[in-house]
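Novice: sequence first, then the predicted structure, then my questions.
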Amino acid sequence: MRNRLWLLFALGGLFLFGSLSSAQSGTGTLQVAARISATGGRPEPVREFTLYILTMSYGDIQKQVSAEYPLADRKAFIENLKISPELKAWLEKHGSIDLVSPDMDKLITPDDVINVPEFFGAYQRSNGGGVTKGLPMPKYKDADKDANPAKYEKQHQEYLDATKKFVQEHPTTMAGIETELGEINPKYAWDKAQQEHNQKVSQLAPDLAQSKFMATKGDTDLDGRLVITGLPPGNYWVSSLGMYATSGDRRLVWDVPVRIEAGQVARVELSNVNGKDFNSTHP
């Protein structure tokens with residue numbers, strides 16, 4: 001009888017010791033359920049999808065990489081363009097980088113046509129060749145530039161003044177000027193620079209996240225569920241690391257914060273509500 005009581009006491013002590021050890025280990029559990037629905041459809045499980053438990057928001061990780069490999073600012077970009085100083089000044093003043101936008105003709109004034117060489121050339125090409133009646137014609141000759149500079153300068157200025165007046169009196173002749181600016185449009189180079197920058201961030205951010213900020217990872221089961229145990233207390237983010245889950249017309253990524261407490265179970269539901277459209281996160 002005594003042996004039996006001693007055995008029960010010993011087993012009870014072991015159970016109590018194990019419970020105390022588990023509590024003292026100070027870890028928590030994370031339960032994730034991932035479901036996504038197409039527009040107008042019913043939610044369905046996100047099956048066999050890898051989720052990463054990070055110690056920093058993936059969005060902040062992307063910002064960190066972007067700061068380490070910065071995109072040249074707009075002013076520096078404009079300054080390096082192979083265009084006239086007058087056009088550089090115009091671009092900076094107007095905060096515009098796209099010379100072929102539909103409303104471009106509304107931004108260019110008669111003074112701009114005269115003072116910016118690229119605009120003047122575009123206006124001439126757009127209205128020349130008999131397209132526009134009454135368009136002033138130059139009377140100066142290139143030969144007079146050296147032989148008779150005073151005459152050349154006088155006639156050249158008269159031509160510019162006449163052209164400016166014509167533009168002012170015929171504002172409709174500005175329509176279509178943007179079609180003549182395509183070859184020098186800096187937006188193409190700007191878009192390319194942005195695309196290369198975004199690609200670099202997309203390539204490096206996942207590597208940084210996994211090498212420096214990943215606590216663990218796991219795959220959802222056929223019900224779209226994932227359970228992770230043994231997480232130390234702290235703030236985490238459940239992230240798809242830029243990869244998207246799809247359902248019909250929806251492509252979603254997640255970067256959802258969660259707090260883990262010792263001895264507690266934290267639950268996170270990934271859905272359309274807290275997911276972001278993949279296209280909005282990848283310009």
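Specialist: That came in fine, so what should we check first? Residues are numbered from 1 along each chain as shown.
Novice: element containing the nearest residue to residue 185 once chain neighbours are set aside?
Specialist: Counting by C-beta to C-beta, 6 or more residues apart in numbering, residue 185 lies nearest to residue 99, which is 4.5 Å off, once chain neighbours are set aside. C-betas here are computed from N, CA, C, even on glycine. Here residue 99, judged by DSSP states H and E, is contained in no helix and no strand.
Novice: read off the pLDDT value for residue 99.
Specialist: Listed pLDDT for residue 99 reads 93.
Novice: that one against residue 177, yeah?
Specialist: No. Using C-beta atoms under 8 Å, residue 99 makes no contact with residue 177, being 9.3 Å away.
Novice: let me know the pLDDT of residue 220.
Specialist: According to the prediction, residue 220 has pLDDT 97.
Novice: same question but for residue 103, I mixed them up
Specialist: Looking at residue 103, its pLDDT is 85.
Novice: that one: neighbouring residues, count only.
Specialist: Residue 103: 9 surrounding residues under other C-beta atoms under 10 Å.
Novice: phi and psi next, for it.
Specialist: Dihedral pair for residue 103: phi -100, psi 20, per degrees, to the nearest 10.
Novice: that one and residue 261, how far apart?
Specialist: 56 Å (C-beta to C-beta, to the nearest Å).
Novice: before we move on, the earlier item: how about the contacts made by the residue nearest to residue 185?
Specialist: 178, 181, 182, 184, 185, 186, 187 (C-beta atoms under 8 Å, 6 or more residues apart in numbering).
Novice: what ranges do the strands span in this protein?
Specialist: With DSSP state E as the criterion, the chain has strands at 28-36, 44-45, 50-54, 214-219, 225-231, 234-239, 245-247, 250-253, 255-260, 265-270, 276-277.
Novice: now distance to residue 118 and mean neighbour count too, for the ones you listed, in JSON lines please.
Specialist: Below are the strands of the chain laid out as JSON lines (distance: least, C-beta to C-beta, whole Å; neighbours: other C-beta atoms under 10 Å):
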{"stretch": "strand 28-36", "distance to residue 118": "49", "mean neighbour count": "20"}
{"stretch": "strand 44-45", "distance to residue 118": "55", "mean neighbour count": "16"}
{"stretch": "strand 50-54", "distance to residue 118": "49", "mean neighbour count": "22"}
{"stretch": "strand 214-219", "distance to residue 118": "51", "mean neighbour count": "15"}
{"stretch": "strand 225-231", "distance to residue 118": "58", "mean neighbour count": "16"}
{"stretch": "strand 234-239", "distance to residue 118": "47", "mean neighbour count": "20"}
{"stretch": "strand 245-247", "distance to residue 118": "45", "mean neighbour count": "18"}
{"stretch": "strand 250-253", "distance to residue 118": "41", "mean neighbour count": "19"}
{"stretch": "strand 255-260", "distance to residue 118": "44", "mean neighbour count": "17"}
{"stretch": "strand 265-270", "distance to residue 118": "51", "mean neighbour count": "16"}
{"stretch": "strand 276-277", "distance to residue 118": "38", "mean neighbour count": "14"}
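Novice: want to throw those into a markdown table with distance to residue 92?
Specialist: Converted to a markdown table, these look like this (distance: least, C-beta to C-beta, whole Å):
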| stretch | distance to residue 92 |
| --- | --- |
| strand 28-36 | 45 |
| strand 44-45 | 51 |
| strand 50-54 | 40 |
| strand 214-219 | 43 |
| strand 225-231 | 51 |
| strand 234-239 | 39 |
| strand 245-247 | 42 |
| strand 250-253 | 36 |
| strand 255-260 | 36 |
| strand 265-270 | 44 |
| strand 276-277 | 33 |
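Novice: and residue 107, which of the ones you listed is closest to it?
Specialist: For these, the distance to residue 107 is smallest for strand 276-277, at 31.9 Å, taking C-beta to C-beta.
Novice: the closest one: how far from the chain's middle?
Specialist: Distance, stretch centre to chain centre, for strand 276-277: 13 Å (C-alpha atoms, centre = their mean, to the nearest Å).
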